[in-house]
Every structure is written in C-alpha cells, then in structure tokens.
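Asks: quick one, structure for this:
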Amino acid sequence: MAKGYSELPHELVSAANGVEYAYRDTRGGEGSVPLVLLQHFRGNLDNWDPALIDALASARRVLTFDNAGVGGSSGTTPDTIEQMARDAIAFLVAMEFNQVDLLGFSIGSFVAQQIALVRPDIIRRLVLASSAPQGAASMNGWAPEVIGAVGTREGSPQGYLSVFFAPSASSKQAGQEALRRMFARTEDRDQVTTWATREAQYDAVCTWGIPDHALLQRLSAIDMPVFVANGDSDPMILPHYSYLLAGLIPHAQVKIYPDAAHGFLFQHHAEFAADVNAFLTGAVKHPQEPARTRMPTCGL
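Replies: As a prediction, this is how the structure comes out:
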C-alpha cells in the first residue's frame, strides 16, 4: 500500500553543484511524467499540505524538495531567482529526470518560470500557483502587513493564516485544518528554514519585482502548456498578476479559486489537484473559472 505524504521518508541526493538535496518521493504513477514541486517563501518539505500531495499522487509520481540552502539541503540559499533556477535544475539532473511536469508555488513559481526559459526541454507542462511575471509593476516587495505577518524572525500561525487564507470563517477554518495536517507528522521532520534563507529569498523576490516592462516580453518564449492559478483574495501576489501572466504566455490558461488567498491550493486541495491532474493529462484544456466577487487592484 502506498504511503501518504506524512509518512514518506526523508531522502538525500548529491548533485554536481556540490549540494546534497533533501526530498520526498511518492514513487507512484508508473509510466507518468514525474511532477516536481517548488516551494513557497521560507517553506520546507513540511510546509506542503499532505492532503494536496496525496491527491496529486493519486495519478502520478510526485516529488517535493528543498532547494540549495533551504531546510535539510546543504549549501547556501542564493539571493537571485536565476541561481535558484540553476540549483533546481541541478536537482532534476541529479535525479536523472529527462523531463518533468513542474508546479511552482509563490517564489517557487518565479523559479519555475526561469527554468522554463533557460532549460525548456526538461519541462513538459507547467503549473504556476500564486505567481507573477518578472518586472511587473508594483511587485517590488510585499505590502507591510504581508511581510509583517510572514517575514518576521518568529512566525506565528496567526500571521500565516492572515496571508494564506481569506478573512471569511470558512477560509480560516480551512487554514486551521491545513495546519493540523502539516503538523501531523511528528518524526523525521525537515529542518526549519533559517533567517539567512529568509533574507536571501526576500532579496530575490524584490529584485524579481523591480519594474521593467521589457522583461515581460521574455514570457512569450515559454512554449509549453501552462496552467496559472490563484485565490481571489491573495494579499501577497494579487490575482491581477495571474491574468497578466497568462496573457503573456502563448499557451496559458488561468483559474481563480473563490473565497481563498495565497494558500488557495491547500484550502481547495481536492479541486486544485483534480484541475492539475486533468491539465497534466491533457483531459481538460480550459478548466472553468468560477465567478469572482471582485476584480482586484494591481497595487501592493
């Protein structure tokens, strides 16, 4: 019987760049292209919702990993998205993957875009969750209330919930349930990310967000199918950027999930996993987008 994500062993692989990468591997889905996940700001292996990973793994092999200098991986966390992408590629090569499907979440989605540009042959299909393109206006750093909630030395469940879930009672309850699932694992947990990782990742985020309209043109080179998704109330990376991103990528589709924020993929884990699996199999070309209650503004 296949193990759930909460029971997967902590594994290590050595790459040519000298980094020993920590990862977890569901090892299912014989014959399917592996789905590799890139984590959010300050996140490690235990910050993935097991319910989401298990739902994704029902149809394919799924891997999560810590990029260089993050969590249980060795090395130093770089302060540019470009180097993070190179380090992620080194992991994929060390795993001897000729081609993967890639799901990038938040800062992981920035890294995924860069991989798609510099090593397009390794990606079959691409999922960008809570994402924005490089050089977009008003992306040079996050709003004070956001960085104050998730960027302090001592994080809190309350701060996490305020950014990753919407203000409604239903979304907050979903957030509490997601946190319980994430902390259900009590043994062989990943190392907590350091302050040095936080500083390097935020420097990378701010550099990525320096306004430069010329950089937006890069996205026209992404030629594989892309699924862009977000929550309708994300205060960290506003849904406006999902539409901008999808409009700049030739073969992209977009879906905004209702009553949800930055962690929409944990709140709507069953629906999002079904949408992702349908997209990756090519069964659905355009997932139906639910009605939105408002059109977000583009400023942070």
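
Asks: kindly check the end-to-end length of stretch 140-160 for me.
Replies: End-to-end span of stretch 140-160 (CA to CA, to the nearest Å): 21 Å.

Asks: likewise stretch 209-224?
Replies: The stretch stretch 209-224 measures 24 Å between its terminal residues, going by CA to CA.

Asks: what segments of the chain are helices?
Replies: 50-56, 81-94, 107-118, 144-150, 157-164, 169-182, 195-208, 213-216, 240-248, 264-267, 269-281 (DSSP state H).

Asks: tell me what the third one is packed against?
Replies: Under the contact criterion of 3 or more CB pairs under 8 Å, 6 or more residues apart in numbering; DSSP states H and E, helix 107-118 touches strand 35-38, helix 81-94, strand 100-105, strand 123-129, helix 195-208. The way it works is simple: take the backbone N, C-alpha and C, and place the C-beta from them, glycine included.

Asks: quick one: closest of the ones you listed to E20.
Replies: Comparison of the helices and strands packed on helix 107-118 against E20 by CB to CB identifies helix 81-94 as nearest, at 9.4 Å.

Asks: what's the spacing between E145 and P157?
Replies: Distance of E145 to P157, given as CB to CB, to the nearest Å: 16 Å.

Asks: so which of the helices of the chain is the most packed in?
Replies: Neighbour counts (mean count of other CB atoms under 10 Å) averaged over each of these peak at helix 264-267, with a mean of 28.

Asks: quick revisit: for the helices and strands packed on helix 107-118, which one sits closest to A246?
Replies: Among the helices and strands packed on helix 107-118, if distance is taken as CB to CB, the winner is strand 123-129, at 8.7 Å.

Asks: center of the protein, which residue is that?
Replies: F105 (1.2 Å; CA atoms, centre = their mean).

Asks: of the helices of the chain, which is nearest N17?
Replies: helix 81-94 (4.4 Å).

Asks: that closest one to strand 123-129, inter-axis angle?
Replies: 130 degrees (axes from the mean of the first three to the mean of the last three CA atoms, to 10 degrees).

Asks: between helix 81-94 and helix 107-118, how many degrees?
Replies: Going by the same axes, to 10 degrees, helix 81-94 is angled at 80 degrees with respect to helix 107-118.

Asks: which residues touch helix 81-94?
Replies: If you take CB atoms under 8 Å, 6 or more residues apart in numbering as the criterion, helix 81-94 is touched by 13-17, 19, 21, 23, 36, 38, 65, 67-68, 75, 78, 100, 107, 110-111, 114-115, 118-119, 122, 134, 204, 207-208.

Asks: measure A94 to A88 for me?
Replies: Counting by CB to CB - A94 and A88 are separated by 11 Å.

Asks: repeat that for A129.
Replies: Using CB to CB, we find A129 at a distance of 16 Å from A88.

Asks: circling back: any chance of the helices and strands packed on helix 107-118 in a markdown table, plus distance to G29?
Replies: Listed next are the helices and strands packed on helix 107-118 as a markdown table, based on distance: least, CB to CB, whole Å:
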| stretch | distance to G29 |
| --- | --- |
| strand 35-38 | 8 |
| helix 81-94 | 17 |
| strand 100-105 | 11 |
| strand 123-129 | 14 |
| helix 195-208 | 30 |
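
Asks: to Q267, which of these lies closest?
Replies: For Q267, the closest of these is strand 123-129, at 12.0 Å, according to CB to CB.

Asks: just checking: what are the partner strands of the closest one?
Replies: Next to strand 123-129 in the sheet, as set by DSSP bridges, lie strand 100-105 (parallel), strand 226-231 (parallel).

Asks: point out the most buried one among the ones you listed.
Replies: strand 226-231 (a mean of 28).

Asks: to S233, which of the helices of the chain lies closest?
Replies: Closest approach to S233 among the helices of the chain is made by helix 169-182 (7.8 Å; CB to CB).

Asks: any idea of the angle the closest one forms with helix 157-164?
Replies: For helix 169-182 against helix 157-164, the angle by the same axes, to 10 degrees is 120 degrees.

Asks: which helices and strands does helix 169-182 pack with?
Replies: helix 50-56, helix 157-164, helix 264-267.

Asks: now with 10 Å, please.
Replies: The criterion is 3 or more CB pairs under 10 Å, 6 or more residues apart in numbering; DSSP states H and E, and the helices and strands that helix 169-182 contacts are helix 50-56, helix 157-164, helix 264-267, helix 269-281.

Asks: and the last one, how far from the chain's centre?
Replies: It refers to helix 269-281. Using CA atoms, centre = their mean, to the nearest Å, the distance from the centre of helix 269-281 to the centre of the chain it belongs to is 15 Å.
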